[in-house]
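J.: here is my input; please provide its structure:
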Amino acid sequence: MNTVKPVITGNFYGEGPAREYFWTGTRDLTAHLCIKKGLEYSEAFGLNSVMIYNRNLVWSAGKRVAQIWGTKTLNNDPRTSGSMINVETP
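T.: Predicted coordinates for the structure are as follows:
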């Protein structure tokens with residue numbers, strides 16, 4: 001195990017796997033600072049309308065990808081797809 005090291009050398013190099021992999025320097029934690037403003041932005045449009053828009057966008061994109069691949073979506077009810085949809089791979 002001593003030969004396996006993180007790709008990015010962090011502050012805890014040489015202190016064992018638990019410490020070396022704890023912080024690799026590649027995680028951007030600033031998204032946590034944007035939560036309040038992000039929620040305010042979504043609420044300005046109406047959270048329900050944002051969710052409906054996202055669901056419709058995902059549904060049409062999923063259908064298009066399935067058409068291009070010659071497959072199908074694995075969900076046939078847009079009301080249950082949320083902001084993601086499963087598409088069968090070729």
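
J.: C-alpha from now on. contacts and neighbour counts both.
T.: Fine.

J.: where do the helices sit along the protein?
T.: Secondary structure of the chain (DSSP state H): helices located at 17-20, 35-45, 47-69.

J.: tell me the spacing between Ile35 and Leu47.
T.: For Ile35, the distance to Leu47 equals 14 Å [CA to CA, to the nearest Å].

J.: who has more neighbours, those two?
T.: Taking other CA atoms under 10 Å, Ile35 and Leu47 do not tie; Leu47 has more neighbours (14 against 11).

J.: buried stuff in stretch 71-84?
T.: Of the residues in stretch 71-84, 72-73, 81 count as buried by neighbour count, 16 or more other CA atoms under 10 Å.

J.: how much space separates Gly14 from Glu20?
T.: Applying CA to CA to Gly14 and Glu20 gives a distance of 7 Å.

J.: picking that back up, pick out the lowest-pLDDT one from the buried residues of stretch 71-84.
T.: Lowest pLDDT within these is found at Ser81 (74).

J.: list the contacts for that residue?
T.: Residues near Ser81 by CA atoms under 8 Å, 6 or more residues apart in numbering: 55, 59, 75.

J.: re the thing from before, Gly14 and Glu20 - which one has more neighbours?
T.: Between Gly14 and Glu20, counted using other CA under 10 Å, the more crowded position is Glu20 (18 against 12).

J.: break this structure into its domains for me.
T.: 1-45, 46-90 (automatic domain parsing).

J.: of those, which stretch is the most buried?
T.: domain 46-90 (a mean of 15; mean count of other CA atoms under 10 Å).

J.: quick check: end-to-end length of that domain?
T.: 38 Å.

J.: rounded mean pLDDT for stretch 52-63, please.
T.: Here the average pLDDT along stretch 52-63 is 91.

J.: just the CA atoms of that stretch, as CSV, please.
T.: Extracted C-alpha coordinates of stretch 52-63, given in CSV (Å, rounded to 0.1, in the frame of the first residue of the first chain):
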residue,chain,number,x,y,z
ILE,A,52,-41.0,21.5,-14.4
TYR,A,53,-38.7,23.1,-16.9
ASN,A,54,-35.8,20.8,-16.0
ARG,A,55,-38.0,17.7,-16.2
ASN,A,56,-39.3,18.7,-19.6
LEU,A,57,-35.7,19.4,-20.8
VAL,A,58,-34.5,16.1,-19.5
TRP,A,59,-37.4,14.2,-21.0
SER,A,60,-36.9,15.7,-24.5
ALA,A,61,-33.1,15.2,-24.3
GLY,A,62,-33.5,11.6,-23.2
LYS,A,63,-35.9,10.8,-26.0
